[in-house]
Structure formats: structure tokens, C-alpha cells
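K.L.:
sequence plus the predicted model coming up.
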Amino acid sequence: MTTEHDSRTRIVLSWLHEDAHENAERYLLRALDEVDTTPQRRLWWPAGRTNRMNSYAKLIAAGAGVLVVAIVGYQLLTPSATPSGPAASTAPSATTTSSPSPSPSPDVGAVCTPAPLKFDPNAIDLTGAWAGDDDGVYYVRQLDKVVWWNGMSDRESPPEALGRVWNNVGRGEIKDDLSIVADWSDVPRGGADGGGTVTFQIGPDSAGNIQITTTSQTGSGRGDTLWVRCAPGFPPFPAG
């Protein structure tokens with residue numbers, strides 16, 4: 001045994017210097033002597049190959065590092081899609097369908113819905129409401145051959161405007177040729193103040209429905225030339 005062991009041996013020997021470690025010291029020194037005297041086996045590969053393998057290992061390590069950097073950079077640059085769960089579906093609420101309520105019709109001075117009536121020369125009855133082509137409504141009463149009427153302007157206007165422009169009354173007789181020769185006059189409800197005579201003709205229209213047309217007149221003149229049958233109606237009276 002020699003005392004020329006390296007520093008590591010000296011450290012171990014100092015630790016083993018206590019009496020409790022004398023056996024361990026003896027075993028350690030014997031092992032070191034055997035290591036020094038045992039011939040060492042040569043490496044089976046050349047030293048140059050070791051250098052080459054070290055170079056290959058360095059290249060592989062460098063490539064792996066580049067690959068890791070590339071993957072990390074791609075993940076940083078690519079916006080990550082926030083996973084979203086399926087949209088919460090709400091159960092369709094039950095809808096109740098109600099039949100549409102009829103929209104209220106605006107109040108007019110006189111409802112006068114067209115009501116065509118077939119012309120029969122042997123059964124002339126003019127009693128009822130007639131719509132004039134002057135926007136007036138004519139309420140007619142026939143007794144035998146005698147005809148009376150009350151005509152009022154602006155049947156499509158609000159009730160308060162009915163007959164305010166003109167309001168006339170008349171009386172006539174039905175002749176054998178179904179003409180009516182009548183006298184007429186405005187009354188103070190309207191703003192007109194006229195009168196005169198007028199001749200009407202009872203006959204069929206192109207569809208065979210009864211109509212009354214103006215054929216001649218005298219006096220201040222009238223604005224109507226045609227009357228057709230309509231169904232009368234009136235706005236309800238206000239409550240109170």
C-alpha cells in the first residue's frame with residue numbers, strides 16, 4: 001500500500017479514521033490496491049469514433065432543441081380556439097295563436113255598402129239607400145208612383161261632416177217610361193242654397209242591375225249623375 005492516493009482517498013480515510021471504522025478502512029485500502037494493480041481493458045472502439053459519436057450526439061441534441069423551439073413558437077403564434085360547449089338550447093315556448101280581431105272600421109257619416117239589385121221593370125221599388133257618384137247618400141221612399149228623397153254630402157267623411165256641404169230634399173213621380181220628374185231644394189243643414197227640377201231615368205246597368213241616371217235638370221244645377229243601390233248603415237249613437 002502506498003500513501004500516494006488522490007485527495008478523494010484521503011477524505012474517505014479521514015472519515016474512516018475513527019476506531020469504529022477500522023475494518024472499513026482496511027477493506028477500502030485493499031480495494032484501492034487491487035484497482036491499481038488490475039490491468040484495465042482497452043475500449044473496443046477507436047478514440048476517433050468516440051469523437052464522431054460525440055459530434056453525432058451534439059447534432060441530434062441541437063436538432064431536437066430546434067424542433068422543440070419550433071413547436072413552442074407555433075403554439076404561441078397560432079391563436080388557440082377557445083373550446084366552447086354546445087349552445088344551451090332553450091325549449092321552444094308554447095305560443096298561443098288567437099284569431100285576429102277585426103280592425104275597427106273608421107267612423108263614417110253613412111255606411112253605404114254596394115248592394116246590387118236586378119232590374120225588373122214590372123216590380124219597381126226604389127225605397128232604400130242609394131250611393132250617388134257625387135259622394136252623397138240618398139235616402140229614398142217610394143209610395144206607389146210618388147218618390148221622396150233626402151240627399152246628404154260626404155258619406156265617407158266622419159259623421160259630423162255628413163250633409164254639411166250640401167243637403168237637399170226632393171219629390172217626384174214615376175212615369176210610365178220609368179222616368180222621374182222631380183222638384184228639389186237644398187235645406188239649411190248644408191252650406192249650399194240651390195234648387196230646381198231634375199229628370200231621372202230608371203233602368204239597368206251593364207250587368208242588369210237597377211240604377212238611376214240623371215237625364216236633364218234646371219235651376220242651380222246638381223253634381224250627381226248616377227245613383228246605385230247600397231245597404232245603409234249608421235254609426236252608433238254616443239252613450240250618455
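P.N.:
Thanks, I have the structure now.
K.L.:
what residues are up against the residue lying closest to Ala161 once chain neighbours are set aside?
P.N.:
Take Ala161 and drop its neighbours on the chain: the residue closest to it by Cβ to Cβ, 6 or more residues apart in numbering is Asp154, 5.0 Å away. All C-beta atoms are positioned from the backbone trio N, CA, C, and that covers glycine. By Cβ atoms under 8 Å, 6 or more residues apart in numbering, the contact list for Asp154 reads Gly109, Asp135, Gly136, Ala161, Leu162, Gly163, Arg164, Val165.
K.L.:
so which of the residues you listed belong to helices?
P.N.:
With helices taken from DSSP state H, there is no overlap with the contacts of Asp154.
K.L.:
helix or strand right after the longest strand seen in the chain?
P.N.:
The single longest strand within the chain, with elements called by DSSP state E, is strand 195-204. Next along the chain after strand 195-204, taking DSSP states H and E as the criterion, comes strand 210-217.
K.L.:
so what are the sheet partners of that next one and their directions?
P.N.:
strand 195-204 (antiparallel), strand 226-233 (antiparallel) (DSSP bridges).
K.L.:
which one of these has the poorest average confidence?
P.N.:
Lowest mean pLDDT of the strands paired with strand 210-217: strand 226-233, a mean of 92.
K.L.:
show me how this protein divides into domains.
P.N.:
The chain breaks down by automatic domain parsing into domains covering 1-37, 111-233.
K.L.:
ranking the ones you listed by burial, who's on top?
P.N.:
Among those, ranked by average contacts under mean count of other Cβ atoms under 10 Å, first place goes to domain 111-233 (a mean of 16).
K.L.:
so for it, first residue to last residue, what's the gap.
P.N.:
In domain 111-233, first residue to last residue: 5 Å (Cα to Cα, to the nearest Å).
K.L.:
and stretch 200-213, by the same measure?
P.N.:
Using Cα to Cα, the end-to-end distance of stretch 200-213 comes to 5 Å.
K.L.:
then stretch 141-156?
P.N.:
Stretch 141-156 has an end-to-end distance of 22 Å (Cα to Cα).
K.L.:
ok, now stretch 194-210?
P.N.:
Start-to-end span of stretch 194-210 (Cα to Cα) is 28 Å.
K.L.:
alright, I will stop here.
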